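Undergrad: one predicted model, sequence on top.
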Amino acid sequence: MNKLDTLPKKKILSLFMTCGFPTLDQSKKIFNEILSHQPDIIEFGLPFSDPMADGPIIQEANKLALRSKLSTQKSLNLITELSKSKNNTAFVIMCYLNTIRKFGLNKFIKNIKSIVDGIIIVDLPFEEEGEIKKSLSKNNIHLIKLISPMTDKKRSKKLLKDSKGFIYYISATGITGSNRLDYKEINKNVQSIKKMSSVPVLVGFGIKSKKDVVNISNKTKADGVIIGSALIQKYFDLKMDFNKYLKKLNKFIKEVKV
């Protein structure tokens, strides 16, 4: 059974973290801390040398992970190890197309089969998703779609046809970690998406606090939120003191589980 098919109706919490950040051993501790809170979804970012859609915070996390010689295989091994404790949490991979192509599509899917519920391929054009989507579907892995404020209605209909898992609504144009949240605009676009698809719509980019989470829940028709940059930022705010970071992470996740 795909865990993305049994998400709650409202207040879905998805937490993103870069694999291998800041080192592989420390990454295991971070993911175990996140997993202990049993969020609805964990998004595993596979480090990439040119993460064009990610802001400076996640880019820095990518650099640290790659500097510690993290490979795609090591990332997938980490996810496999963590899956033994996933319980009801859905596992989603977030990556770039080149990572899959370099690793090999069949080999990639073989590694994540029965472990991962969904995948977000940030730079995969809709027009080129056929082969990958077909291979993923055969293995009960949902290809998660990204929709931004710049996606017009005609293209949105194509993107969202037969969509599964959830829809990642990018709350603002630009990169992850954006500052401004326009709830009126978010609500208008989320409602438009909901007319085209029945799967949950989660809002990502710029969600940084409990207040943001509550406002998204109360002021929009979104089904939940995705938090990424804010989780990683705390490591740098604490001057890379790992023990303090784990404690701060624990406190922050408790706060946003509203």
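TA: Arrived safely, thanks for sending.

Undergrad: could you use CA atoms for every contact and neighbour count after this?
TA: Fine.

Undergrad: so Tyr245 is in contact with Ile232, correct?
TA: No - if you go by C-alpha atoms under 8 Å, Tyr245 and Ile232 don't touch, sitting 9.3 Å apart.

Undergrad: from Ile58, how far out is the residue most central in space within the chain?
TA: Most central in the chain under C-alpha atoms, centre = their mean is Glu43, positioned 3.8 Å from the mean C-alpha point. Using C-alpha to C-alpha, to the nearest Å, we find Glu43 at a distance of 13 Å from Ile58.

Undergrad: and stretch 80-95, average pLDDT?
TA: Stretch 80-95 carries an average pLDDT of 96.

Undergrad: swap in stretch 133-152?
TA: The average pLDDT within stretch 133-152 is 95.

Undergrad: who touches it?
TA: Here stretch 133-152 makes contact (C-alpha atoms under 8 Å, 6 or more residues apart in numbering) with 2, 109, 113-114, 116-122, 156, 159-160, 163-173, 189.

Undergrad: how does it look with 7 Å?
TA: Residues from elsewhere that reach stretch 133-152 (C-alpha atoms under 7 Å, 6 or more residues apart in numbering): 2, 113, 116-120, 159, 164-173.

Undergrad: how about stretch 89-109?
TA: Contact with stretch 89-109 is made by 3-4, 38-46, 116-124, as judged by C-alpha under 7 Å, 6+ apart.

Undergrad: again, but for stretch 10-25
TA: Under the contact criterion C-alpha under 7 Å, 6+ apart, stretch 10-25 has outside partners 27, 39-47, 61-62, 64-65, 68, 70, 75, 217, 223-228.

Undergrad: pull up the distance across that stretch, start to finish.
TA: End residues of stretch 10-25 are separated by 34 Å (C-alpha to C-alpha).

Undergrad: would you mind listing the buried residues in that stretch?
TA: For stretch 10-25, a neighbour-count test (16 or more other C-alpha atoms under 10 Å) marks 11-24 as buried.

Undergrad: OK, contacts around the residue nearest to Thr72 when sequence neighbours are not counted?
TA: Spatial nearest neighbour of Thr72, excluding adjacent residues (C-alpha to C-alpha, 6 or more residues apart in numbering): Leu46 at 6.9 Å. Shown in contact with Leu46 (C-alpha under 7 Å, 6+ apart): 18-19, 72, 75, 94-95.

Undergrad: so which of the residues you listed sit within strands?
TA: Here DSSP state E is the test, and the contacts of Leu46 give 18, 94-95 as lying in strands.

Undergrad: wait, which of those is closest to Phe252?
TA: Ranked by distance to Phe252 (C-alpha to C-alpha), the ones in strands among the contacts of Leu46 are led by Thr18 at 17.2 Å.

Undergrad: going along the chain, name the strands of the stretch 101-250 of the chain.
TA: 118-121, 142-143, 145-147, 167-170, 201-204, 224-227 (DSSP state E, counting those that start in this stretch).

Undergrad: partner strands of the last one, with direction?
TA: Same thing as strand 224-227. Strand 224-227 sits in its sheet next to strand 12-18 (parallel), strand 201-204 (parallel), going by DSSP bridges.

Undergrad: what's the answer for the third one, then?
TA: Strand pairing for strand 145-147, using DSSP bridges, gives strand 167-170 (parallel).

Undergrad: list the contacts of the strand it pairs with.
TA: 144-148, 199-205.

Undergrad: average pLDDT across it?
TA: On average, the pLDDT along strand 167-170 is 96.
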